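**Student:** My questions concern the predicted model and sequence given below.
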Amino acid sequence: MSIVIYRKGQNLDRTITPGQHPDPWVNLLRGYITEAVQALTTGGLQVQRSWLDPEGPRDATIVLAGTKALVFDEVTGWRYGSFVSGQQGVRTTLSDIRYLGGGVLLDTRELTHKVVDGHSAPRQEYRSVLDLHDGLDEALQEVL
């Protein structure tokens with residue numbers, strides 16, 4: 001496994017953060033994923049691009065320099081692996097997947113540490129896509 005690390009000032013390139021999604025429910029992820037991109041970049045990881053993906057479950061992808069990527073989904077939280085394929089509107093496929101644990105809305109600074117440290121946790125479902133009133137959407141709105 002190789003991770004590209006660099007130092008590039010504190011200015012985050014807006015082209016690497018996810019654009020607005022046309023579905024407002026999916027777009028609730030945007031603030032949290034933008035915060036994750038910023039934390040990864042501040043932590044020295046080079047982010048190439050990111051996007052919000054389809055629903056059922058809602059998810060998002062952050063592609064790093066090299067061949068690595070992270071995928072967030074509202075059921076299992078974060079996973080990390082080798083980027084195989086994906087784009088906005090199409091599910092991302094990773095190989096050599098490692099789940100990062102820590103719950104659905106892992107603190108984004110902790111996310112960076114887990115990626116850099118090579119952390120791995122068992123796959124866990126923290127919630128269901130049917131859990132519409134469990135506080136996740138409210139927590140995501142606070143990040144906006």
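**Tutor:** Sure, I can see it. Numbers count the residues shown, from 1 in each chain.
**Student:** Under the pLDDT cut-off, which ranges of the chain? List them.
**Tutor:** Within the chain, the segments meeting pLDDT under 70 span 1-15, 144.
**Student:** and with 90 instead?
**Tutor:** Segments of the chain classed as low confidence (criterion: pLDDT under 90) are 1-15, 53-56, 66, 88-90, 128-137, 142-144.
**Student:** can you pull out the helices in it?
**Tutor:** The residue ranges that make up the helices of the chain, judged by DSSP state H, are 24-27, 30-42, 108-117, 136-143.
**Student:** looking at these, which is buried most?
**Tutor:** Stretch with highest mean neighbour count among the helices of the chain: helix 30-42 (a mean of 20; mean count of other Cβ atoms under 10 Å). All C-beta spots, glycine's among them, are computed from the backbone N, C-alpha and C.
**Student:** So which elements touch it?
**Tutor:** Contact here means 3 or more Cβ pairs under 8 Å, 6 or more residues apart in numbering; DSSP states H and E; on that basis helix 30-42 packs against strand 47-52, strand 59-64, strand 68-73, helix 108-117, helix 136-143.
**Student:** quick one, which of the helices of the chain is nearest to Ile16?
**Tutor:** Shortest distance between Ile16 and the helices of the chain, using Cβ to Cβ, is found for helix 30-42: 6.0 Å.
**Student:** what sits up against that closest one?
**Tutor:** 8, 10, 12, 16-18, 20-21, 47, 50, 52, 60, 62, 64, 70, 72, 105, 108-109, 111-112, 115, 140, 143-144 (Cβ atoms under 8 Å, 6 or more residues apart in numbering).
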